[in-house]
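S.K.: 3D, please:
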Amino acid sequence: MTETRAYLRDSLLSWFEQHVPGNALLWYDILVLLWVALFAVLLHFLLRSSAKQILKKYFSSLDTPSNKSATAELALCLVKRVSLALQGAVVVIQAKLWLAEGVAFLRIIEIVTDQWIMLFSLLSLFTLLDIFQALSDRRRSQVHFPLRGLLQTVKLIASILTGILAVSLLMDKSPLILLSGLGALSAVLLLVFKDPILGLVAGIQLSANNMLAVGDWLEMPKYGADGDVVDIALTTVKVKNWDKTITTIPTYALISDSFKNWRGMSESGGRRIKRSIHLEMSSVCFLDKAQIAELKKAQLISEYISSKVPAIEKENSDKKADMTVLQNGRRLTNVGTFRQYLLSFLKSHPHIHQGMTLMVRQLEPTSDGLPMQIYAFTNTTNWNEYEDIQSDIFDHIIAVLPAFSLRIHESPTGNDIRSLAQYKN
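M.R.: Numbers count the residues shown, from 1 in each chain. Prediction:
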């Protein structure tokens, strides 16, 4: 203490001895404690009011109100916690100024303020990392990097180091002594922090290989996940399913197990239609001249029929095929013409992506009939629009089948069996 502070201390002690009953040193310590507390409170409100004015000017320029509010609250919380940490430093400095060295009361204040400073310094670091995360979330183009998992790892390491430092200060020992003792507990620590370690490694692998990012459509039947990824944390990945439920998946499971990421579909600009319509095989037949003439009126296949019929007739003529026999020569079939009609229909459809795979093919016949499969891509990835386009296409296909003398295969229903029984009776 300087001579001025020593003189002031002695004067106060003398005044307490003359005018205040009891222990003068106790009253002096209480006065110092009140002064330090008052100074710390005034400093706290001064810092907060100044920070509010500065932050108010800055955050008023942000575009998105929701993000502005969240980020502003985090910034104010950071200022509050930093000011609380500074108050601890101010308290210990003020105590050392007004209390003599070696006083037990000073030692108590030092211990309490040391823990106080470390606690709010750690909380300030947490808030700063949360601000980084909030600013990252504000970016429209998400970076394929596990930032949340990395920040949580930093928080975990900082918490462990702060805890070791706090214990060492309480024990008045070097932190290296505690760290050396942790070597014997390494196996236990690895077991306790197994999930965070695996999650950190998995997050790095997911990022390095660009396997998953927030906003991707993830499908993982093993965990019942089918929806958008809303959060990639250190130990878990949250998926918001289409039924609005939330599925939580361990991060390391995305490395050890397989999953489907629909990001490629979203980025390609087209969504696949792969659906079959089952035709009744007994309705498949050759087209006669009347049917050909009627189908030739259809704009989508008139050119096909006009070019195909003369080519078939020429080939039959060159081979001198006896066309009075059904098995001889080549003929147009209703199912083949129907397949060509569907292909022309899809090629002229305004909502079918013409730059991607487009085909109409027959699959192997089964007891459920002859499958005629549509394999094409829409020019939109929006789910509602995709379903509307697909439904419109198959509405048209079902309605146009009678024009080709084709029927859809249907398994007998209970009503069919009852009608048959009534007919027999």
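
S.K.: ok, residue 90 touching residue 39?
M.R.: Yes: if you go by C-beta atoms under 8 Å, residue 90 and residue 39 touch, sitting 6.6 Å apart. Quick note: C-beta positions are derived from backbone N, CA and C, even for glycine.

S.K.: ok, which stretches of the stretch 101-250 of the chain are helices?
M.R.: 104-138, 147-171, 175-182, 186-192, 194-208 (DSSP state H, counting those that start in this stretch).

S.K.: Export the ones you listed as a markdown table, with columns for distance to residue 45 and mean neighbour count.
M.R.: Listed next are the helices of the stretch 101-250 of the chain as a markdown table, based on distance: least, C-beta to C-beta, whole Å; neighbours: other C-beta atoms under 10 Å:
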| stretch | distance to residue 45 | mean neighbour count |
| --- | --- | --- |
| helix 104-138 | 16 | 17 |
| helix 147-171 | 27 | 16 |
| helix 175-182 | 35 | 12 |
| helix 186-192 | 42 | 10 |
| helix 194-208 | 39 | 18 |
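
S.K.: I'd like those helices as JSON lines, with mean pLDDT and distance to residue 34 appended.
M.R.: What follows is those, written out as JSON lines (pLDDT from 0 to 100; distance: least, C-beta to C-beta, whole Å):
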{"stretch": "helix 104-138", "mean pLDDT": "80", "distance to residue 34": "13"}
{"stretch": "helix 147-171", "mean pLDDT": "79", "distance to residue 34": "26"}
{"stretch": "helix 175-182", "mean pLDDT": "67", "distance to residue 34": "34"}
{"stretch": "helix 186-192", "mean pLDDT": "68", "distance to residue 34": "45"}
{"stretch": "helix 194-208", "mean pLDDT": "76", "distance to residue 34": "45"}
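
S.K.: Switch those over to JSON lines; also include distance to residue 303.
M.R.: Shown next, in JSON lines, are the helices of the stretch 101-250 of the chain (distance: least, C-beta to C-beta, whole Å):
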{"stretch": "helix 104-138", "distance to residue 303": "55"}
{"stretch": "helix 147-171", "distance to residue 303": "57"}
{"stretch": "helix 175-182", "distance to residue 303": "81"}
{"stretch": "helix 186-192", "distance to residue 303": "72"}
{"stretch": "helix 194-208", "distance to residue 303": "52"}
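
S.K.: out of these, which comes closest to residue 337?
M.R.: helix 194-208 (50.6 Å; C-beta to C-beta).

S.K.: for the closest one, packing partners?
M.R.: Under the contact criterion of 3 or more C-beta pairs under 8 Å, 6 or more residues apart in numbering; DSSP states H and E, helix 194-208 touches helix 147-171, strand 246-250, helix 253-256.

S.K.: Any idea which of these gets closest to residue 115?
M.R.: Closest among the helices and strands packed on helix 194-208, using C-beta to C-beta: helix 147-171, at 5.9 Å.

S.K.: give me every residue that touches residue 316.
M.R.: The neighbours of residue 316, taking C-beta atoms under 8 Å, 6 or more residues apart in numbering as the test, are 323, 328-330.

S.K.: The helix or strand it falls within: how far from the chain's middle?
M.R.: Following DSSP states H and E, one finds residue 316 within helix 299-318. Between the centre of helix 299-318 and the centre of its chain there are 55 Å (C-alpha atoms, centre = their mean, to the nearest Å).

S.K.: Report the backbone C-alpha coordinates of that helix in PDB.
M.R.: Extracted as PDB, the C-alpha positions of helix 299-318 are listed here (Å, rounded to 0.1, in the frame of the first residue of the first chain):
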ATOM      1  CA  GLN A 299     -51.100 -36.100 -83.500                       C
ATOM      2  CA  LEU A 300     -48.500 -37.700 -81.200                       C
ATOM      3  CA  ILE A 301     -48.200 -40.900 -83.200                       C
ATOM      4  CA  SER A 302     -49.500 -39.900 -86.700                       C
ATOM      5  CA  GLU A 303     -45.900 -39.400 -88.000                       C
ATOM      6  CA  TYR A 304     -44.800 -42.700 -86.400                       C
ATOM      7  CA  ILE A 305     -47.700 -44.700 -88.000                       C
ATOM      8  CA  SER A 306     -47.200 -42.900 -91.400                       C
ATOM      9  CA  SER A 307     -43.600 -44.000 -91.500                       C
ATOM     10  CA  LYS A 308     -43.900 -47.400 -89.900                       C
ATOM     11  CA  VAL A 309     -46.800 -48.800 -91.800                       C
ATOM     12  CA  PRO A 310     -45.100 -48.400 -95.300                       C
ATOM     13  CA  ALA A 311     -41.900 -49.700 -94.000                       C
ATOM     14  CA  ILE A 312     -43.600 -52.900 -92.600                       C
ATOM     15  CA  GLU A 313     -45.600 -53.400 -95.800                       C
ATOM     16  CA  LYS A 314     -42.400 -53.000 -97.900                       C
ATOM     17  CA  GLU A 315     -40.600 -55.600 -95.800                       C
ATOM     18  CA  ASN A 316     -43.500 -58.000 -96.000                       C
ATOM     19  CA  SER A 317     -43.700 -57.500 -99.800                       C
ATOM     20  CA  ASP A 318     -40.000 -58.100-100.200                       C
END
